[in-house]
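**Student:** what follows is a predicted protein model with its sequence.
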Amino acid sequence: MKNDQVKTKPVAKVRLGNISAAIWQNDGENGPWFNVTFARTYKEGSEFRSAQSFGRSDLLALAKAADIAHTRIVELEGRRHQAA
């Protein structure tokens with residue numbers, strides 16, 4: 001990364017066990033919009049790693065994380081409309 005680049009951070013995070021969702025804000029001409037990335041954390045030896053693939057036992061937590069992320073995005077959009 002160059003010195004003049006700033007590493008962005010998610011505007012919100014959701015964590016359910018080993019499943020996480022990061023909510024990212026993007027700014028455009030028509031205002032901000034949001035994207036979500038999902039990850040599964042696991043331990044390999046003494047190191048923690050993350051993956052973007054999910055097994056059958058991860059799917060309910062993934063769905064719940066997606067549901068909570070959706071609610072947070074609606075809240076973030078609502079705050080933006082109230083401030084306008």
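**Tutor:** Now that the structure is in, tell me what you want to look at.
**Student:** lowest-confidence helix or strand of the chain?
**Tutor:** Across the helices and strands of the chain, mean confidence by mean pLDDT, DSSP states H and E is lowest for helix 59-83: a mean of 91.
**Student:** from the contact counts, what lies against that helix?
**Tutor:** If contacts are counted by 3 or more CB pairs under 8 Å, 6 or more residues apart in numbering; DSSP states H and E, helix 59-83 sits against strand 12-16, strand 19-28, strand 31-44. Where C-beta positions appear, they are placed from N, C-alpha and C, glycine not excepted.
**Student:** partners of residue 13 in the sheet?
**Tutor:** Beta-bridge pairing for residue 13 (DSSP bridges): residue 22.
**Student:** relative to residue 80, how far out is it?
**Tutor:** Counting by CB to CB, to the nearest Å, the gap from residue 13 to residue 80 is 19 Å.
**Student:** and residue 50, which helix or strand is it part of?
**Tutor:** strand 47-51 (DSSP states H and E).
**Student:** look up how far residue 67 lies from the closest residue to residue 20 other than its chain neighbours.
**Tutor:** Closest residue to residue 20 apart from its sequence neighbours, by CB to CB, 6 or more residues apart in numbering: residue 39 at 5.2 Å. Noted for residue 39: a distance of 17 Å to residue 67, by CB to CB.
**Student:** out of those two, which sits in the more crowded spot?
**Tutor:** Regarding residue 39 and residue 67, a neighbour count based on other CB atoms under 10 Å identifies residue 39 as having more, with 18 against 12.
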